[in-house]
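# Predicted model, plus sequence, below.
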2 protein chains.
Amino acid sequence: MGLQRGGVAEEKTWPIEGVIEVSFPDEETARIVYESVLYEHESVPYRRSRIEFLRDGKKIVIRFLAKDNSALRGTLNSYLRWIKVAIDSLEV
Amino acid sequence: MGLQRGGVAEEKTWPIEGVIEVSFPDEETARIVYESVLYEHESVPYRRSRIEFLRDGKKIVIRFLAKDNSALRGTLNSYLRWIKVAIDSLEV
């Protein structure tokens, strides 16, 4: 949105892909955190990174594919922060 | 080091593991970027995340294991930024 794309013209970028898995003690906790973050996942479009956000039993799985290192950094930060917020809210 | 660990007492944290792979057009480029980032990798101790930093042909592979979501975020940011700096320096 408000991103400045000028300055560094024609950066070299190469494909980055990966996966992050967060393990929870039980499926119920995983489901609660997953559904909370899923809401964010569905409401924010990330056009510079492709993200799959899944739950597999007790695990939350984030798969990603990006061309742009900086964009990926921002995206992963968002997902890890959302997960942290959801975990923290379980403690109240 | 200067981290404040007070405030949020006894946060719930669960294991996070994952892998990030950056693909380069050729082994030589991968090797140059890898060696540049390896220097940083070896000089900074990350006690709150376990990181394996490898090269596999044309790919740089970062495997990680962490208990602490925030620490992982900081760690991944560092690696992705170091890789970006190394890539940018190839352009000069």
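Thanks, I have it.

# Now do the contacts for the closest residue to A:N77 other than its chain neighbours.
The spatial neighbour of A:N77 that comes closest, neighbours along the chain excluded (C-beta to C-beta, 6 or more residues apart in numbering or on different chains), is B:R73 at 5.7 Å. No exception for glycine: its C-beta is placed from N, CA and C like everyone else's. The contact partners of B:R73, by C-beta atoms under 8 Å, 6 or more residues apart in numbering or on different chains, come to A:L76, A:N77, A:L80, A:R81.

# And for A:V22?
Listed by C-beta under 8 Å, 6+ apart, the contact partners of A:V22 are A:V33, A:K59, A:I60, A:I83, B:W14, B:P15, B:I16, B:N69.

# Equivalent analysis for A:I83, please.
When contacts are counted by C-beta under 8 Å, 6+ apart, A:I83 touches A:V22, A:V33, A:V37, A:I60, B:N69.

# beta partners for the first one?
It refers to A:V22. Counting by DSSP bridges, A:V22 forms beta bridges with A:I60, B:I16.

# Please identify the buried residues of stretch A:44-63?
Neighbour counts over stretch A:44-63 (16 or more other C-beta atoms under 10 Å in any protein chain shown) mark A:Y46, A:S49, A:I51, A:F53, A:R55, A:K58, A:K59, A:I60, A:V61, A:I62 as buried.

# by how many degrees do the lowest-mean-pLDDT helix or strand in chain A and helix B:69-89 diverge?
One helix or strand of chain A scores below all others by mean pLDDT, DSSP states H and E: helix A:69-89, with a mean of 89. Interaxial angle of helix A:69-89 relative to helix B:69-89 (axes from the mean of the first three to the mean of the last three C-alpha atoms, to 10 degrees): 180 degrees.

# Could you list the low-confidence segments of chain A?
A:1-13, A:46-47, A:92 (pLDDT under 70).

# what does it put close to chain B?
On the criterion C-beta under 8 Å from any C-beta of the partner chain, chain B has as its neighbours in chain A the residues A:8, A:11-25, A:62, A:69-70, A:72-73, A:76-77, A:80-81, A:83-84, A:87-88, A:90-91.

# Just the buried ones from the residues you listed?
A:13-14, A:16-18, A:20-22, A:24, A:62, A:69-70, A:72-73, A:76, A:80, A:83-84, A:87.

# Pick the one among the contacts of B:R73 closest to chain B.
A:L80 (4.7 Å; C-beta to the nearest C-beta).

# I figured the closest one was touching B:L72, is that so?
Yes. Under the criterion of C-beta atoms under 8 Å, A:L80 makes contact with B:L72 at 6.5 Å.

# A:V44: what's its closest spatial neighbour, skipping adjacent residues?
Using C-beta to C-beta, 6+ apart, the nearest residue to A:V44 is A:S78, at 7.3 Å.
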